[in-house]
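> What would the 3D arrangement of this be:
(one chain, ligands or ions: 1)
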Amino acid sequence: MRFYVTTAIDYVNAKPHIGHAYEKVIADIIARFQRLRGKKVFFLTGTDENAQKNSQAAKEAGIPTKKFVDRNVKYFKELTGILNISNDHFIRTTEESHIKISQNIFKKVLDKGDIYKGFYQGLYCEGCESYLTEKDLVDGKCPEHQKPPKPLKEEAYFFKLSKYKDQIIKLLESPTFVIPKEKRNEMLSRIKSDELKDLCVSRKGLNWGIDIPVDKKHKIYVWFDALINYVSALDYPDGKKFKEFWPADAHVIGKGINWFHSVIWPAMLISAGIKPPRTILVHGYLTVNGQKISKSLGAQIDPAEIVKRYEADHLRYFFAKEIPMGEDGDFSSKNLADRVNNELVANISNFCYRTLSFINRYSESRIGKIARGEWEKKLLKEIEKKIENIHKCYLDYNFRDAIKQILEIGDIGNRYFQGNEPWVLIKNDPGKCKEVLAFSANIVKDLAILLKPIIPEFAGKVEKQLNLKDLKWRDLKKPLENHRTGKAKILFRKIEGKVS
Ligand code: ME8
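Here you go, the predicted model:
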């Protein structure tokens, strides 16, 4: 009955970009869907603040690191509001409780003999905050950040990642541990072909980050502390939330950090005597005109600006419909406007508004007896089948196909409404007209429920116009009859003129 979903925690070296927005929306759709099914959900997001790249960016801006980080965290928090993200908590890794818990876990793994002192000599990419080998480079550069990594030579602590190879392979062999399967196969073939070296988990001589509890000259490697956020936010080890919500049901992450989550994180957990998460859900990257969005590549696009131009629901719908899970997708305002106009306006909004306003006008704002003829029976069967499929699509994180079938239900509604011509029927057979409108109104209710995880503002408006509150998935099975409605209002308007 409980469900724990997380996003990655974001670096705060710059303002959020649309890739961050995408990830939060995916996780939010999952959280809202699970709540809709009646589960008790804990949804976590937050910021990764102890990274070198944050302190480097602060230095470049000429601002003390803490001040710089605090300022940027604000933008990430604002983003959750702008996008209607329903997170239950926002963790910052500079919080005292997170620092303590990270140190505890480090010490636990050290005491177990899984962390040892050695000497690191190799390459480090500050963009990824990751140790790289020559094999990882393309033309001498980190392929993610297109910059040559820095050579590093220092005394360091190592985590015995190699010790956990077999256990991690076993985890990865479960079909639900990493979704989609292409992303699972990538990890499996990498771990099988790699010798899986031990991981350097400290950095020496830095003045930003979390101290290693037994050796203040070293800081905990930022990825080691960042991953711990998923349990520190639940007050590991004794917190009520930890006992209730761990293991996580879904860690939602981008493809570039799959290795950290699917290999390193479970190894850390097993070493510390904690259960691994159930699923790592890997999404692709958003591009703008085919270019990766990142500060260094100069194709920034501010999600706050986009939402100002359109609506949060527009962007959420675009993400869910346009980009298949695990694949990359391109953001373009033109495609967003096309989807809004051709799908949300022409199909969904049009049907809902026509039905609700006709009920206001021709049925005294009442949903009365529902039409139950042969046509309606046939349509109900079709709709029921689609609802089953939609449920499965949501569970499989396949939002795109869920929406496709929701649109088909919208088509059914539109055809039914149009085919019955209630504007004619009201003159010839007002009783039948009201029954037809009642049948249509029930499809409107279903659409609001089915779309609630993806476009919650729309769903909220429909609920209000139907004079209902807090609809749940189970309400799909409950016909709405003898019920007063509220006032119909247009739900989505066409995006017109030049889009940019
Ligand atoms: O990786 N499209 O932080 P981050 C979609 N702090 N998603 C993207 C993206 C894009 N263009 N670019 C990045 C970090 N992401 C670490 C995570 S978790 C314990 C620590 C995704 O700010 C990225 O893959 O670079 C990650 O899932 C999230 O955005 C935050 O990226």
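> Now whichever strand or helix holds Arg361: average pLDDT?
Taking DSSP states H and E as the criterion, Arg361 maps to helix 350-362. Here helix 350-362 scores 98 as its mean pLDDT.
> so what does it touch, helix or strand wise?
Packing partners of helix 350-362 (3 or more Cβ pairs under 8 Å, 6 or more residues apart in numbering; DSSP states H and E): helix 399-420, helix 422-428, helix 430-451, helix 456-465. Any C-beta I mention is one placed from the backbone N, CA and C, and that applies to glycine too.
> Taking helix 456-465 as reference, get the angle to that helix.
Here helix 350-362 points in a direction 20 degrees away from that of helix 456-465 (axes from the mean of the first three to the mean of the last three Cα atoms, to 10 degrees).
> Residues touching helix 350-362, excluding its own?
Residues outside helix 350-362 that contact it (Cβ atoms under 8 Å, 6 or more residues apart in numbering): 365-367, 410, 413-414, 417, 422-423, 426, 430, 433-434, 437, 440-441, 443-444, 447-448, 462, 465-466, 485, 487-491.
> Off-centre distance for the helix or strand that it is followed by?
Downstream of helix 350-362, the next assigned helix or strand under DSSP H and E is strand 366-367. Average the C-alpha atoms of strand 366-367, do the same for its chain, and the two points are 37 Å apart (Cα atoms, centre = their mean, to the nearest Å).
> same check, this time on stretch 473-481
With Cα atoms, centre = their mean as the basis, the mean position of stretch 473-481 lies at 28 Å from the chain mean.
> Between the two ends of it, how far is it?
Length of stretch 473-481, first residue to last, Cα to Cα, to the nearest Å: 18 Å.
> Just the buried positions in it, please.
473, 475-476, 479-480 (16 or more other Cβ atoms under 10 Å).
> Then stretch 186-194?
Neighbour-count burial for stretch 186-194, counted by 16+ other Cβ under 10 Å, picks out 186-188, 191.
> Do you have the helices of the stretch 251-400 of the chain handy? List them.
Residue ranges of the helices in the stretch 251-400 of the chain, as given by DSSP state H, counting those that start in this stretch, are 258-259, 265-272, 303-309, 312-322, 333-339, 350-362, 374-395, 399-420.
> coming back round to it: which PyMOL command selects the buried ones in the contacts of helix 350-362?
Selection of buried members from the contacts of helix 350-362 for PyMOL, criterion 16+ other Cβ under 10 Å:
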select buried, resi 365+366+367+410+413+414+417+422+426+433+434+437+440+441+443+444+447+448+462+465+466+485+488+491
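> Can you sort out which of the contacts of helix 350-362 also neighbour the ligand?
Residues of the contacts of helix 350-362 in contact with the ligand (Cβ under 6 Å from any ligand atom): none.
> if we look at stretch 122-138, which residues are touching it?
11, 51-53, 56, 120, 142-145, 147-152, 199-200, 222-223, 256, 296.
> Weed out the non-buried ones from these.
Buried subset of the contacts of stretch 122-138 (neighbour count, 16+ other Cβ under 10 Å): 11, 51-53, 120, 142, 144-145, 149, 199-200, 222-223, 256.
> Show me what from this protein comes close to the ligand.
By Cβ under 6 Å from any ligand atom, the residues of the chain that approach the ligand are 8-11, 19-20, 22-23, 48, 226-227, 229, 253-254, 256-257, 285-286, 292-293.
> Mind giving me the ChimeraX select for these, buried ones only?
Buried subset of the residues of the chain next to the ligand, written as a ChimeraX selection, criterion 16+ other Cβ under 10 Å:
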select :8,9,10,11,19,20,22,23,48,226,227,229,253,254,256,257,285,286,292,293
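> Tell me which of the residues of the chain next to the ligand fall in strands.
Those of the residues of the chain next to the ligand mapping onto strands are 10-11, 48, 253-254, 286, 292, per DSSP state E.
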